[in-house]
Structure formats: structure tokens, C-alpha cells
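Engineer: Quick one, fold the following:
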Amino acid sequence: HGRTWRSLSTALPRGVYLHAVREDPKRKGLLYVGTERGVSYSPDDGATWKELKLNLPTVAVHDLVVKGDDLVVGTHGRSIWILDDLTALREWSPEVEARAAHLFTARSAVRWRYDGPVSSQAKNVGQNPPAGAVFHYWLKSEPRGDVVLEVLDAKGAVIRKLTSRKAEPETPKDDPDPGWDDSERKPLPKGAGLRRAVWDLRHEGATKIKGAKIDSGDPSEGPMVLPGTYTARLTVDGQSYTTPVEVRLDPRMSVSPADLDEQLAFAL
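Structural biologist: The predicted model follows:
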């Protein structure tokens, strides 16, 4: 009857009242609160609190719900926001923070087949999660060398490699017909902090002839991988970290595994 209650508000800002509090269903003691000015979270049953802001505007948050692995935020006047993939928050600890680098567990990814937008004239549309498998990694400080993320198949063969090294432009800036340029691809971030890499569930693309012109398409975009379990390997300053990642078939498809095998073999 109240004799065992203790205040969890000591570390919260004074004068900012709360609208909702939720505990993460997968990690006991991980709390989220919706306040008059945004969202805060506690990894230790309310002993300490940190602001969970990112790109969320300063706004009253009237309700919260953890849906699967995502945090859904209901604001007053700024619509609904979703923080995709709570894995990093759930696995975060002082031990992780003390490490030079860390690769978090990867969520399973669906082999969706995307098409272009209905209209290129759409305004003020929301931002969807990245297409593919998302990997979160922690860097205590910026490494001396490149950050490399490799994807290995079940046989241990590397089928895709992402790196923090920016691709060199293949054509001069004043070329009137530059064609497709791999240097437009974003390199992996290597600055200190929590970072994110996205694998589009594809094999490496075709080898290009240097200086060749491409009228359309993307020769560096390889065929999609088969459903199955793969391994992501992050290498930072000579140290490697791994996590399995499951690729699932698009649930709308009824194609047989044999047909998928034959399609991939032909594309490769």
C-alpha cells in the first residue's frame, strides 16, 4: 500500500511534467517516458535518465508504446513518430561504452521488392526505414584506419563489402556526360559514437570498365541474395566483430527455392 514505492524523478528535469511511462517488454528496467518536451529513457529502472531526441522536435509526447522492436511516439500537434529498431538501446551497457568498438545484434531483414514512388511530386512525406539489413555499431573514438563491414554467406565467402573509404570519382567534374559514378555512394560513417550501416541485401555488382558510359541502370547493384542466414563482420583497426543476420523471403511471393536458386545463378 505504498510502503515500497520510491521516486524515479530525481534525475529528471524539474518543472517538466510527464504524460506516459512504459517499460520495455524485452529488457526489464529499460524505461521510456513521454514528457511535455519530448522523450527520455532510463536503462537502470529510473536511477538515471537520458534524453532520446535525435531528430524529434521539442514537443509534448502524450503516449508511447513499444511495438515489436520499435518505439511509437504519439505527440500533441506533431503527428506520430517511430524510432525504428531499439536493439542498440536494449543492448547498451557501461561495458559496451568502454569498448573501442562494438557491433550490435542485427534484426532479421525481409527481402522486399521495392518499386519507385507513386508520385515524385509528393510533399512532406514521412521517412521510411532503410531498405535492407540495418547494422548498428559503436566507436569509442574515430579509428585510424578504415571501417569495413563484410557480409559472408553460409560457406564463409564474402559476398558484399562496405567501407568508410570514399570512392574516387571516375570522371572529371567538368565531364558533360559523366554517366553513373560510384563515388556518389555514401561511405560508412567512422566518427566516434553510435553509427549505422545498411546492406541492401544484394551481392557485389558487376566489374566496370574504367571510364565507360552507362545510359541507364546501376551496374554496381548486384542481384538480391537468397533467403537464409548470413554473417556480418565489422573490422575496426584490425579487430573484428560479428553478428548473424537472417534474410527472409518477401511474404507476398510464392516462388520456389529452386527457382530463386536458378535466378541468382543466372544473374551472377
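Engineer: Name the nearest residue to Glu91, ignoring sequence neighbours.
Structural biologist: Phe104 (5.3 Å; Cβ to Cβ, 6 or more residues apart in numbering). Placement of C-beta: from N, CA and C, glycine included.
Engineer: Isn't that neighbour up against Phe135?
Structural biologist: Yes - taking Cβ atoms under 8 Å as the definition, Phe104 is a contact partner of Phe135 at 7.4 Å.
Engineer: which stretches of the stretch 51-200 of the chain have low pLDDT?
Structural biologist: 116-124, 170-172, 176-184 (pLDDT under 70).
Engineer: What segments of it are strands?
Structural biologist: Along the stretch 51-200 of the chain, counting by DSSP state E, counting those that start in this stretch, strands occupy 61-67, 70-75, 80-83, 101-103, 109-111, 133-139, 147-152, 158-163, 193-199.
Engineer: And the ones you listed: which comes nearest Thr207?
Structural biologist: Using Cβ to Cβ as the criterion, the shortest distance between Thr207 and those is 13.6 Å, found for strand 158-163.
Engineer: hmm, back to that, export the strands of the stretch 51-200 of the chain as JSON lines, with columns for distance to Ser256.
Structural biologist: Output for the strands of the stretch 51-200 of the chain, formatted as JSON lines (distance: least, Cβ to Cβ, whole Å):
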{"stretch": "strand 61-67", "distance to Ser256": "33"}
{"stretch": "strand 70-75", "distance to Ser256": "32"}
{"stretch": "strand 80-83", "distance to Ser256": "35"}
{"stretch": "strand 101-103", "distance to Ser256": "34"}
{"stretch": "strand 109-111", "distance to Ser256": "15"}
{"stretch": "strand 133-139", "distance to Ser256": "24"}
{"stretch": "strand 147-152", "distance to Ser256": "24"}
{"stretch": "strand 158-163", "distance to Ser256": "22"}
{"stretch": "strand 193-199", "distance to Ser256": "25"}
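Engineer: Switch these over to TSV; also include mean neighbour count and distance to Tyr241.
Structural biologist: Supplementary listing: the strands of the stretch 51-200 of the chain in TSV, determined by neighbours: other Cβ atoms under 10 Å; distance: least, Cβ to Cβ, whole Å:
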stretch	mean neighbour count	distance to Tyr241
strand 61-67	16	27
strand 70-75	18	24
strand 80-83	15	24
strand 101-103	21	4
strand 109-111	18	19
strand 133-139	22	8
strand 147-152	20	10
strand 158-163	16	14
strand 193-199	18	12
